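Participant: All I have is the shape, not the residue letters:
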C-alpha cells in the first residue's frame, strides 16, 4: 500500500466534549451568519455535492459529519467552523482537503477511514480537541497547530509525530497503539492533565525537551526518552515496561503523588539528581539489569510507601528523613546492606506499620509488622515476608499512609484520563511465600 504524508492539524475529542463545545459555540454564533451556513446540531454530507452547498460560507455554525461513499472530498472556502467537523467511516475516502480553515471551536475527528492517505488542513491554527483514530493508511503526521486542548492519536500507521512545534500547552496528549511509530517530538511546555504514551512500536523515541511541568506522565513501550527541562510532575509519574537502557531526568525536583519505575528489563542506569520530594508512594521494582540505585540521594520525603525490589547492591537514600507509609526493600544481591533503612525505622522515620528489608543473604534479612492486640492493648511484633512479583505492593495496614504499586495515568481528580496502566499487586509465588512464613 502506498503510504503518504498527512500534513494537517488532526485528531478529535470524545463525543461528550464535542457536543458540549459545539453547543456553546452554536448558542454564541452571530446573527449575521447566512441561514444557509447555519447547519444545526447535526448535519451529514455523503457526497461532494453536499459540501459544495456550503463551500461559499466563510463561517459554518453547527456540527458537520462527512461519511458515506466518497473517493475524495474538499471543503473549499470555509475559514471557521463554530462547532465540530467529523470524518467518520467513509471507507472509500482517500484524500480530503480543507486548507482555508483556521479555527474549529469544537472537535476535529478523523476516525475509521481505512484508505485515507492524505488529509490537509494547512491553515488550521486553533481547535478544541483533535483526534486521529483507526487510520491504517497514514504513515506521517505534521501540523503547525498553535492552540488545542486535547490531542489523541490511536491505532494508526504513523511512523513519526513531529508537527507540534508551534503548540505550547495542552490539557492532554495521548499517543497509543500505533505499532509503526518510531519518533515523537514536541515543543510542549505544559500539560495540565495527562501525557500518556504507550503500546506503540518498541523502538519509539520521545523528545519533550521544552516540557516544564505536567500533571501526570505515564510512559510504556518506549525505547528512548528525553525531558531536558522537566521540573515538576504535580501528580503521578510512571515508567512501566519500557526498553530504554538509560533514564535521566536530572532537572526534575518534585513529584506530587506516586512515582513508579517498574518492569523495565533493559534499564541499567537511572539519574534523578535533583529530585527532593515524592508526595505519594515510590516504587522501583523488577528492573532486571538495574544493579546500582544511587541517584535519589537528595530525596528527603516520601509521602506514601517505599517499595524497592530487584538485583541492586546499592540504594542511596542518604537524605531521606520521612516515609509516611511502610517500607518493603528486597534485594537479591548478597552484599546489599539494610543498615541505613533500619536506622531510619528505629528513629520512627518510617511511619507505616510494615517494614521489610532483606538481601540475598538470608541471615541479614529484617522483617517486622507492628500490630496492636484488641484484647490486652499491648503491642506485639510479628515477622512477615513480602511478595516479590511483577509488581509489588509496599503498603502498610494503615490505609491513610499506604501506597500501592498501582499506577494510573492520572489521579482521580483528573478529568478525561485514558485507561490506566496497573502493576499487579501480588504474585502467586509471593502469596505462597507469605502463607508458609505465617505457618512457621
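Facilitator: Noted; the coordinates are in hand. Everything numeric here is computed off the predicted structure, so don't read it as measured data.
Participant: Could you pull out the strands in the stretch 251-400 of the chain for me?
Facilitator: 254-255, 259-262, 269-271, 277-278, 282-285, 292-293, 301-302, 306-310, 314-315, 322-323, 327-331, 354-358, 366-372, 379-382 (DSSP state E, counting those that start in this stretch).
Participant: Pull the contacting residues for residue 56.
Facilitator: residue 77 (CB atoms under 8 Å, 6 or more residues apart in numbering). Where C-beta positions appear, they are placed from N, C-alpha and C, glycine not excepted.
Participant: Would you mind measuring from it to residue 76?
Facilitator: Noted for residue 56: a distance of 8 Å to residue 76, by CB to CB, to the nearest Å.
Participant: Check residue 120 too.
Facilitator: According to CB to CB, residue 120 and residue 76 sit 12 Å apart.
Participant: For these two, indicate the residue with more neighbours.
Facilitator: Neighbour count, other CB atoms under 10 Å: between residue 120 and residue 76, residue 120 has more, with 17 against 14.
Participant: partners of the more buried one in the sheet?
Facilitator: Here residue 120 shows beta-bridge partners residue 97, assigned using DSSP bridges.
Participant: Does it touch residue 100 like I think?
Facilitator: No - applying CB atoms under 8 Å as the test, residue 120 and residue 100 come out as separate, 10.6 Å apart.
Participant: check contacts around residue 242.
Facilitator: Contacts of residue 242 (CB under 8 Å, 6+ apart): 219-223, 225, 264, 266-267.
Participant: let's see 7 Å
Facilitator: Contacts for residue 242 (CB atoms under 7 Å, 6 or more residues apart in numbering) come out as 219-222, 264.
Participant: Contacts only, for residue 221.
Facilitator: So residue 221 contacts 198-200, 202, 204, 241-242 (CB under 7 Å, 6+ apart).
Participant: hang on, the earlier thing: any chance of CSV for the contacts of residue 242, columns pLDDT?
Facilitator: Putting the contacts of residue 242 into CSV (pLDDT from 0 to 100) gives the following:
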residue, pLDDT
219, 98
220, 98
221, 96
222, 97
264, 98
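Participant: For the residue most central in space within the chain, what are phi and psi?
Facilitator: Per CA atoms, centre = their mean, the C-alpha nearest to the average position across the chain is that of residue 196, at 2.3 Å. Main-chain dihedrals, residue 196, degrees, to the nearest 10: phi -130, psi 120.
Participant: Pretty sure it sits against residue 174.
Facilitator: Yes - counting by CB atoms under 7 Å, residue 196 does reach residue 174; the two are 4.7 Å apart.
Participant: So the residue nearest to the centre of the chain versus residue 175, what's the distance?
Facilitator: Distance of residue 196 to residue 175, computed by CB to CB: 7 Å.
Participant: for residue 287, same thing?
Facilitator: 24 Å.
Participant: pLDDT at the closest residue to residue 290 other than its chain neighbours, what is it?
Facilitator: Nearest residue to residue 290 in three dimensions, chain neighbours excluded: residue 267, at 5.1 Å (CB to CB, 6 or more residues apart in numbering). Note on residue 267: pLDDT of 98.
Participant: Hmm, residue 267 is touching residue 288, no?
Facilitator: No - counting by CB under 7 Å, residue 288 is not a contact partner of residue 267; they are 8.1 Å apart.
Participant: for the protein, what spans make up the helices?
Facilitator: 15-27, 48-52, 339-346, 428-439 (DSSP state H).
Participant: State the mean pLDDT of the third one.
Facilitator: Taken as a whole, helix 339-346 carries a mean pLDDT of 96.
Participant: helices or strands up against that helix?
Facilitator: strand 354-358 (3 or more CB pairs under 7 Å, 6 or more residues apart in numbering; DSSP states H and E).
Participant: ok, now with 8 Å
Facilitator: strand 327-331, strand 354-358 (3 or more CB pairs under 8 Å, 6 or more residues apart in numbering; DSSP states H and E).
Participant: for the second one, same thing?
Facilitator: Applying 3+ CB pairs under 8 Å, 6+ apart, one finds that helix 48-52 makes contact with strand 72-74.
Participant: starting at the chain centroid, how far to the strand it packs on?
Facilitator: 35 Å (CA atoms, centre = their mean, to the nearest Å).
Participant: mind listing what's buried in it?
Facilitator: Across strand 72-74, burial judged by 16 or more other CB atoms under 10 Å covers residue 73.
Participant: Direction included, what does it pair against?
Facilitator: Strand pairing for strand 72-74, determined by DSSP bridges: strand 95-97 (parallel).
Participant: which outside residues touch the strand it pairs with?
Facilitator: The contact list for strand 95-97 (CB under 8 Å, 6+ apart) reads 66, 72-75, 87, 116-120.
Participant: Residue 209: which of the strands of the stretch 251-400 of the chain is closest?
Facilitator: strand 269-271 (16.0 Å; CB to CB).
Participant: List the contacts of residue 78.
Facilitator: Per CB under 8 Å, 6+ apart, neighbours of residue 78: 54-55, 57-60, 98, 100-101.
Participant: my read: residue 244 touches residue 219, true?
Facilitator: No - Residue 244 is beyond contact range of residue 219, at 9.2 Å (criterion: CB under 8 Å).
Participant: Tell me what residue 233 is bridged to.
Facilitator: Residue 233 has these beta-bridge partners by DSSP bridges: residue 214, residue 255.
Participant: now it: how far from residue 119?
Facilitator: 34 Å.
Participant: Same question for residue 165.
Facilitator: Here residue 165 is placed at a distance of 19 Å from residue 119 (CB to CB).
Participant: more neighbours, these two?
Facilitator: Each of residue 165 and residue 119 has its neighbours counted (other CB under 10 Å); residue 119 has more, 26 against 16.
Participant: Skipping its backbone neighbours, what lies nearest that one in space?
Facilitator: That would be residue 96: by CB to CB, 6+ apart, it lies 4.6 Å from residue 119.
Participant: The one you found: neighbour count?
Facilitator: By other CB under 10 Å, neighbour count at residue 96 equals 22.
Participant: Quick check, residue 349 in contact with residue 325.
Facilitator: No - contact criterion CB under 8 Å: residue 349 and residue 325 do not qualify, at 11.7 Å.
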